[in-house]
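In: Sharing a model prediction with you, sequence too.
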Amino acid sequence: MDTRPIGIFDSGLGGLTVVKELLRALPGESIIYFGDTGRVPYGNRSNAAILKYAMQDARFLLKHDVKLIIAACGTVSSVATEIAKELPVPYIGVVKPAAKRAAEITHSGKIGVIGTAATIASGSYKKELHEINPSVRVTARSCPLFVPLVESGFVKDGDPLTTLAAERYLSEFTAEKVDTLILGCTHYPIISGIIKQVLGSKVTLISAGRAAAEAAADLLEKDGILSEKSGEGERRFFVSDMTQSFTEVSSVLLGHRFPMDVRLVDDIDTY
Ligand code: DGL
């Protein structure tokens, strides 16, 4: 039994979609979330900047005596892979668990991946999928408009703007006849209804965040460090900037109004 919290971080508020999955998989665990709202987005930054930011975010969480660190961010999980070696606690990114899940469920062996520019440029999912099964065929593309569309609230099924963007971005997956698509970015599960409408019901969508939450549950169990305390765990939320759109964006991503107390960390660049 280990009642220390799980630390989870993201480039901003997108990681709240992963928090939602984590609360579902592990309701009794305490959680500390750090969203780097002052430096978001990471998805179009250099690898060096992404690694530096990710290390600072992780060090902030370590100060809170976390037992596990989860990078909810697809971009960090793809680019800042060295981070795992630097940390004194177990670390989970979203790439490995999502790739494993996709490789397990594909029938045709044709898998699609979508993510930010940095995620797709890193080739992370392709590498991971080929390590699991060298014969799968992977089609990957970045969808840079999806994050701002989600954060602007254009998320309802059938939304004309997001549907148009999805039709443009996703046509090659239809042409390639993929049967499985990895949603490799925190924000994409929010528009899974639109993505499904565009790709049709034969394509299975894998939420990288959900796969990571399940991997976290397995790891805690395997290492014997589940909290096992009865009742709900404690949840604490930190951000590096209280942006004007905080309330709207967090309610889109969390699915309801942000109920918790959120604290400001205005010196993340000193970690
Ligand atoms: N959290 C990022 C991801 O999952 C999306 C937002 C960003 O570009 O920072 O890749």
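Out: Cool, got the structure. Everything numeric here is computed off the predicted structure, so don't read it as measured data.

In: what about residue 202, which SS state?
Out: coil (DSSP: H, G, I helix; E, B strand; the rest coil).

In: For the closest residue in space to it that isn't next to it in sequence, which residues are in contact?
Out: Closest residue to residue 202 apart from its sequence neighbours, by Cβ to Cβ, 6 or more residues apart in numbering: residue 179 at 6.5 Å. C-beta: built from backbone N, CA, C; applies to glycine. Counting by Cβ atoms under 8 Å, 6 or more residues apart in numbering, residue 179 makes contact with 106-108, 110-111, 202-204.

In: Need the max-distance pair from those.
Out: 111 and 202 (13.6 Å; Cβ to Cβ).

In: Tell me which of those two has more neighbours.
Out: residue 111 (28 against 11; other Cβ atoms under 10 Å).

In: and the helix or strand hosting that one, how far from the chain's centre?
Out: Remark: residue 111 resides in strand 110-115, with elements defined by DSSP states H and E. Distance, stretch centre to chain centre, for strand 110-115: 15 Å (Cα atoms, centre = their mean, to the nearest Å).

In: the helices in the stretch 151-271 of the chain, which residues?
Out: Applying DSSP state H, counting those that start in this stretch to the stretch 151-271 of the chain gives helices spanning 160-175, 192-199, 208-222, 246-254.

In: angle of the longest one against strand 110-115?
Out: So the one you mean is helix 160-175. 150 degrees (axes from the mean of the first three to the mean of the last three Cα atoms, to 10 degrees).

In: Buried ones in helix 160-175, by neighbour count?
Out: Burial within helix 160-175, assessed by neighbour count using 16 or more other Cβ atoms under 10 Å, is assigned to 162-163, 165-166, 169-170, 173.

In: now swap in the third one and tell me
Out: Neighbour-count burial for helix 208-222, counted by 16+ other Cβ under 10 Å, picks out 208-217, 219-220.

In: Give me the residues contacting it.
Out: Taking Cβ under 8 Å, 6+ apart as the rule, helix 208-222 contacts 2, 6, 15, 17-18, 20-22, 24-26, 29, 67-68, 70, 72, 74, 77, 90, 92-98, 100-101, 182-186, 189, 226.
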